[in-house]
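In: Sequence and predicted structure below; questions after.
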Amino acid sequence: MKRAKIGIAGGTGGMGRWFESYFTKAGHEVRIAGRKTELTYEDLVHGCDVVILSMPLEASVRVAERIGPKMDEDQLLMDFCSRKEAIVKAMVSSTQADVIGTHPMFGPCTESIKGRNVILCPARDNHGWFEWINELLASGGAVVSVMDPKVHDQKMAVVQSLTHFLTISFARFLQKSGIIPEDAMSYATPIFRLKMNLAGRLFAQDPLLYADLVGGNDSAGEVLDLFFSAMKESRQALLAGDDKQANIFLEDIRNFFTDGFSRNALDETTRAIEAMYNK
Ligand SMILES: NC(=O)c1ccc[n+]([C@@H]2O[C@H](COP(=O)([O-])OP(=O)(O)OC[C@H]3O[C@@H](n4cnc5c(N)ncnc54)[C@H](OP(=O)(O)O)[C@@H]3O)[C@@H](O)[C@H]2O)c1
């Protein structure tokens, strides 16, 4: 694999630091810049083969517009933003360099990239950079997929917007019910403990990041409407006091999941639950 000089703009942040370490261990030379570092985002353009934008979406768009025109055709411009349509569009229109949108589907607390999903949105690839980044990620065991930016954002409305919306709403429910989280742990089942932990985990991080992942996605409203209708249907089927109706409803959903998927889900969650108690 070509040994590259990689510049991470926003490299002082969590994801930037994580990838600085990953790329360095893979044998590449990495430079990082933040807003207060001596090295500027513009400096990265002059000294590096690859420049990665690892900062909030709006800042990434602005920095792409600023540094993109200064890049040469044979360089690569990438980003790590959690939504792809706007940033990929901004990168393509701002530069002649190759452009590959990238979304690592994990955060900076992750120990290893092995088995973790990374989504690539290649938008311009005239110099073999797609093969390079694909190999660099796959060599650490990442599971790499290629996706259209718009399709990516629609999928994230479920994977991120809906998922975090549910966790936040569950936490709000606990608060409104007067349930004290520490007390609840003494009467929790493993599944309830897992859900409590997921809620606690979200609020141990920057809540504004989650607010953006839920509210910043254009498809989130549509996804939530469908989810609310599924909730209403579930309430009707399960709380009507009609066992036969409840059974038909649940069998219908069970048929949606293949046996292989459900068995694997049972194994994976059992391991996660055991890990919670065996610290
Ligand atoms: N955290 C995650 O779990 C995760 C997972 C996947 C993808 N992502 C995406 O990865 C990107 C970086 O996330 P992160 O968690 O590493 O963020 P972070 O820890 O908050 O780091 C943000 C970086 O961007 C710089 N920055 C912030 N605002 C800026 C601005 N207005 N103009 C220029 N630079 C600015 C910061 O520089 P200073 O040092 O000057 O503050 C810092 O280096 C985001 O697009 C995020 O959506 C995050």
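Out: Done, it's in.

In: what about the nearest residue to residue 1 once chain neighbours are set aside, neighbour count?
Out: Excluding the flanking residues, the one nearest residue 1 by CB to CB, 6 or more residues apart in numbering is residue 135, at 5.5 Å. In short, each C-beta sits where N, CA and C put it, glycine included. For residue 135, the neighbour count with other CB atoms under 10 Å is 13.

In: Residue 135: which element?
Out: Using DSSP states H and E, residue 135 falls within helix 129-138.

In: For the residue nearest to residue 1, give me the pLDDT.
Out: Looking at residue 135, its pLDDT is 98.

In: from memory it sits against residue 2, does it?
Out: No. Using CB atoms under 8 Å, residue 135 makes no contact with residue 2, being 9.5 Å away.

In: Between those two, which contacts overlap?
Out: Common neighbours of residue 135 and residue 2, counting by CB atoms under 8 Å, 6 or more residues apart in numbering, are absent.

In: burial measure for the residue in the chain that the ligand sits nearest to, as a count.
Out: Residue nearest to the ligand within the chain: residue 13 (1.9 Å; CB to the nearest ligand atom). As a burial measure, residue 13 scores 17 neighbours (other CB under 10 Å).

In: Phi and psi next, for it.
Out: phi -90, psi -180 (degrees, to the nearest 10).

In: neighbours around the closest residue to it other than its chain neighbours, how many?
Out: Nearest residue to residue 13, sequence neighbours excluded (CB to CB, 6+ apart): residue 54, at 6.1 Å. For residue 54, the number of neighbouring residues by other CB under 10 Å comes to 27.

In: helices or strands up against the helix holding residue 135?
Out: strand 76-79, strand 98-104, strand 117-124, strand 143-146 (3 or more CB pairs under 8 Å, 6 or more residues apart in numbering; DSSP states H and E).

In: and if we set it to 6 Å?
Out: Applying 3 or more CB pairs under 6 Å, 6 or more residues apart in numbering; DSSP states H and E, we find helix 129-138 packed against strand 143-146.

In: which other helices and strands contact the strand it packs on?
Out: When contacts are defined as 3+ CB pairs under 6 Å, 6+ apart, strand 143-146 sits against strand 117-124, helix 129-138.

In: strands paired with the shortest one, and their directions?
Out: The one in question is strand 117-124. strand 98-104 (antiparallel), strand 143-146 (parallel) (DSSP bridges).

In: got a pLDDT number for the nearest residue to residue 254 once chain neighbours are set aside?
Out: Leaving aside its chain neighbours, residue 254 sits nearest to residue 262 (7.9 Å; criterion: CB to CB, 6+ apart). pLDDT, the model's per-residue confidence, is 97 for residue 262.

In: go on, residue 2?
Out: 86.

In: do residue 226 as well
Out: Listed pLDDT for residue 226 reads 98.

In: returning to what we had before: which one, of the strands paired with strand 117-124, ends up nearest to residue 210?
Out: When the strands paired with strand 117-124 are compared by CB to CB, strand 98-104 sits nearest residue 210, at 16.2 Å.

In: Is there contact, residue-wise, from that closest one to the ligand?
Out: Yes. Interface with the ligand: strand 98-104 contributes residue 104 (CB under 6 Å from any ligand atom).

In: Need the phi and psi values for the nearest residue to residue 265 once chain neighbours are set aside.
Out: Take residue 265 and drop its neighbours on the chain: the residue closest to it by CB to CB, 6+ apart is residue 257, 7.9 Å away. Torsion angles at residue 257 (phi, psi; degrees, to the nearest 10) stand at phi -90, psi 130.

In: Look at residue 257 and say how many residues are nearby.
Out: 11.
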